[in-house]
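Mind looking at a prediction? Sequence and model below.
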Amino acid sequence: MNVWTFFLLQMAISLFISGVVVFVLSPALRPILADICGADHRARFWVTYSNVMMVLVPLLVVIFMGELQYSEERTLILLKRALGGTIAGLIVTLIIMSRQITRSIAPDQPNELPGLLPPTPAKTSENTNSGISS
């Protein structure tokens, strides 16, 4: 395997893993961003932006952290480095995205996303007494 083939293999690893993450997260991200943004066209933009970032950041990590000094003896080490760089780039990207989304959601906003548990009702004096009089 020559250096260019190995470089393209490293890029393919990054693009494949990032593509899987984008495929899995995009459907779940869209309703959250639609709720935060208040309009579907704004949510589409931010979903697209997030998808691009989930591909570019890991790819850049692999490009800058990868090695071009290919040798048959170090193939596994270099592929592990490409895989690790991709995963590290995705983790950093997802942490930044989750922090921004969490900050955008109001703390008193009800949980209305399908498939999630309903919000727990607030305790009131009526709930705590439960109709028992002393």
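Structure's in. What do you need? Keep in mind the model is a prediction, meaning the values are calculated, not measured. Numbering: from 1, shown residues only.

Poorly predicted segments of this structure, please.
Scanning the chain for pLDDT under 70 picks out 1, 66-71, 106-134.

can you give me the helices in it?
For the chain, the helices defined by DSSP state H occupy 3-37, 40-65, 75-104, 125-129.

In a markdown table, list the ones you listed along with mean neighbour count.
(C-beta placed from N, C-alpha, C; glycine too.) Listed next are the helices of the chain as a markdown table, based on neighbours: other CB atoms under 10 Å:
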| stretch | mean neighbour count |
| --- | --- |
| helix 3-37 | 15 |
| helix 40-65 | 16 |
| helix 75-104 | 15 |
| helix 125-129 | 8 |
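
separation between Ala39 and Ile13?
Distance, Ala39 to Ile13, by CB to CB, to the nearest Å: 37 Å.

Next: Ile96.
Per CB to CB, Ile96 is found 22 Å from Ile13.

got it, and Ala43?
From Ala43 to Ile13 the distance is 30 Å (CB to CB).

Same question for Val57.
Taking CB to CB as the measure, Val57 and Ile13 are separated by 15 Å.

just Leu56 next, same as before
Relative to Ile13, Leu56 is positioned 15 Å away (criterion: CB to CB).

Kindly report the same for His41.
The gap separating His41 from Ile13 is 34 Å, by CB to CB.

middle-most residue in the chain, spatially?
Leu94 (3.7 Å; CA atoms, centre = their mean).

Identify the spatial nearest neighbour of that one, chain neighbours not counted.
With CB to CB, 6 or more residues apart in numbering as the criterion, Leu94 has its nearest non-adjacent residue at 7.5 Å, and that residue is Met54.

contacting residues for that neighbour?
18, 21-22, 25, 90, 93-94 (CB atoms under 8 Å, 6 or more residues apart in numbering).

Could I get those residues in JSON lines, plus columns for distance to Ala82?
Output for those, formatted as JSON lines (distance: CB to CB, whole Å):
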{"residue": "Ser18", "distance to Ala82": "12"}
{"residue": "Val21", "distance to Ala82": "16"}
{"residue": "Val22", "distance to Ala82": "18"}
{"residue": "Leu25", "distance to Ala82": "21"}
{"residue": "Leu90", "distance to Ala82": "13"}
{"residue": "Thr93", "distance to Ala82": "17"}
{"residue": "Leu94", "distance to Ala82": "19"}
